[in-house]
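[1] Quick one: sequence plus predicted model below, questions after.
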Amino acid sequence: MALDTDVLVVGGGATGAGTARDLALRGCDVALVDRDGLAHGTTGRSHGLLHSGARYAEADETGAEECIAENRIVSDIAGACVRETGGLFVQLADDDPAYFDAKRDACEDIGIPVEFVDGDDAREAIPGLSADVERAMRVPDAVVSPSRLVAANVHAAVEQGATVHSNAPVEGVRVENGEIVGVAVGGAVDETVRPEIVVNATGAWAGELAAMAGATVEMRPTRGLMISVDHAGLETVLNRSREPGDGDIIVPHEREAVLGTTSVTVDDPDEFERADWERERVREECAAMYPAVADAARVREWWGVRPLYEPDEAERGGRGISRGFFLLDHAEEGVENFLSVVGGKLTTYRLMAEAAADAVCDRLGIDEPCRTAETELPGADDPARLDEFVADLGGPGPSDSDVVGE
């Protein structure tokens, strides 16, 4: 038996769930499948930062503009998925002051709200901040619950008629006459899906799905460690104002603080080393900003895998600061009805989904605008309802397991 649908979205992280929601709101017949639990890949293993764009301001103006715009949109539509903490970029004694100045100037040019504070004022606002902090700038960073965000998007898609399946791995793709004509989905589905269009939203695994269709997506997955420690009282995201490095961010939860992160290229996003030096480095570097976390008891730790797009990384070289996204049309490779959306970050998930949905609707001849920026997510004003959505999908990932259900 085969299942027919207008669009098959593969990948149940934020981008895939957002794409399914967007398409369903435009009246498309959509099916979403993921090989594991929804939001259990990169999305559910992030540090949960809703970027203001300040992190990218001096190196990637477009990416920073996208972040501040999407930060505001997600804050408006996602309600209790977001905690408005604010953020602080701190310059320590050994950090290059020119980098701080360039970041502040770039934020002002882009329109990212930024407020300069000296070290004493920063320590007065955040007790326990390092004595080595010479100056800082406030920016509108926030903290987002990935599990709630994905669950709300999935619920919205289902409300509009989409079908969603977790534990449903793609096991094969059949291409005939330059088009995907069948996708074998195992697990909970165990059927062949016959879509008009396939959207590859599998993140770090995008190359694997593309290869099944005879197409190519070059990814450079990199692992990053997050350590959640027992520490209440920190209310603001802390960022190190320096070139990207290990242990340069602390994300506050209500009773914990998440320390991150590292960046190490891996060959396989499923099987990779977890190294002790990462634990030591993250602790040491985060403690340089906020000494209380040096000896705070570890609650849990997890590694996530970033879905970096290899051509963009190669062009920038080294540990690039940009996390732009790319929509790839595989018609150029002879697969007419196959799109991949890659790169990006959790903050820009909705924008990535909009780009993918625009391309799909153009192909299908659907003349309906995107409404996701103005349409509030279900449960946005009710944390308990959001947590019910998360429970329905199998529970939270490690990024926010201390937040969901509280």
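    Arrived safely. Numbering: from 1, shown residues only.

[2] Report how many residues lie close to the residue lying closest to residue 205 once chain neighbours are set aside.
    Leaving aside its sequence neighbours, residue 205 sits nearest to residue 269 (Cβ to Cβ, 6 or more residues apart in numbering; 6.0 Å). All C-beta spots, glycine's among them, are computed from the backbone N, C-alpha and C. For residue 269, the neighbour count with other Cβ atoms under 10 Å is 23.

[3] State the helix or strand in which residue 229 lies.
    Residue 229 is part of strand 219-230 when elements are defined by DSSP states H and E.

[4] still on that earlier bit, give me the phi and psi for the residue nearest to residue 205.
    Taking degrees, to the nearest 10, you get phi -70, psi -10 for the backbone angles of residue 269.

[5] thought it was touching residue 206?
    No: contact criterion Cβ atoms under 8 Å: residue 269 and residue 206 do not qualify, at 10.0 Å.

[6] ranges for the helices of the stretch 251-400 of the chain?
    Using DSSP state H, counting those that start in this stretch, the helices of the stretch 251-400 of the chain run over 276-289, 310-316, 349-364, 383-392.

[7] ok, residues contacting the last one?
    Where contact means Cβ atoms under 8 Å, 6 or more residues apart in numbering, the residues beyond helix 383-392 that reach it are 80-81, 145, 147-148, 151-152, 154-155, 378-380, 396, 404-405.

[8] quick check: mean pLDDT across it?
    For helix 383-392, mean pLDDT rounds to 96.

[9] Also the second one?
    When the per-residue pLDDT values of helix 310-316 are averaged, the result is 76.

[10] between the longest helix along the chain and helix 383-392, how many degrees?
    Identified as the longest helix of the chain according to DSSP state H is helix 61-78. Per axes from the mean of the first three to the mean of the last three Cα atoms, to 10 degrees, the angle that helix 61-78 makes with helix 383-392 is 110 degrees.

[11] so what does the helix or strand following helix 61-78 touch, helix or strand wise?
    The element immediately downstream of helix 61-78 (helix or strand, assigned by DSSP H and E) is strand 82-83. If contacts are counted by 3 or more Cβ pairs under 8 Å, 6 or more residues apart in numbering; DSSP states H and E, strand 82-83 sits against strand 142-144.

[12] Which strands or helices does the helix or strand just after the strand it packs on pack on?
    Elements were assigned by DSSP H and E; along the chain past strand 142-144, the next helix or strand is helix 146-159. In terms of contacts (3+ Cβ pairs under 8 Å, 6+ apart), helix 146-159 is packed against helix 14-25, strand 30-33, helix 61-78, strand 163-165, helix 383-392.

[13] again, only this time at 6 Å
    The contact analysis (3 or more Cβ pairs under 6 Å, 6 or more residues apart in numbering; DSSP states H and E) places helix 146-159 against helix 14-25, helix 383-392.

[14] Give me every residue in contact with the longest one, excluding its own residues.
    Contact partners of helix 14-25, identified using Cβ atoms under 6 Å, 6 or more residues apart in numbering, comprise 7, 9, 30, 32, 43, 150, 153-154, 156-157, 160-162, 199, 201, 346, 349-350, 352-354, 356-357, 370-372.

[15] taking the mean pLDDT, what do you get for that helix?
    For helix 14-25, the mean pLDDT works out to 98.

[16] what angle do that helix and helix 61-78 make?
    Between the axes of helix 14-25 and helix 61-78, defined by the same axes, to 10 degrees, the angle is 60 degrees.

[17] ok, and for stretch 352-364, which residues are buried?
    For stretch 352-364, the neighbour count (16 or more other Cβ atoms under 10 Å) marks 352-361, 363-364 as buried.

[18] now it, how far from the chain's geometric center?
    Stretch 352-364 sits 19 Å away from the centroid of its parent chain (Cα atoms, centre = their mean, to the nearest Å).

[19] and what of stretch 164-176?
    Put simply, stretch 164-176 sits 23 Å off its chain's centre (Cα atoms, centre = their mean).

[20] quick one: average pLDDT of it?
    Mean pLDDT, stretch 164-176: 97.

[21] Tell me the buried residues in it?
    Neighbour-count burial for stretch 164-176 flags 164-168, 170, 173, 175 (criterion: 16+ other Cβ under 10 Å).

[22] Ends of it, what's the gap?
    One end of stretch 164-176 sits 26 Å from the other (Cα to Cα, to the nearest Å).

[23] Residues in contact with that stretch: which ones?
    Contacts of stretch 164-176 (Cβ under 6 Å, 6+ apart): 10, 32-35, 37-38, 154, 158, 180-189, 212-214.

[24] Which ones among those residues lie within helices?
    154, 158, 212.

[25] Just give me the neighbour total for residue 61.
    Neighbours around residue 61, by other Cβ under 10 Å: 14.

[26] Show the backbone phi and psi for the nearest residue in space to it that is not next to it in sequence.
    The shortest distance from residue 61 to any non-neighbouring residue, by Cβ to Cβ, 6+ apart, is to residue 110 (6.2 Å). Dihedral pair for residue 110: phi -80, psi -30, per degrees, to the nearest 10.
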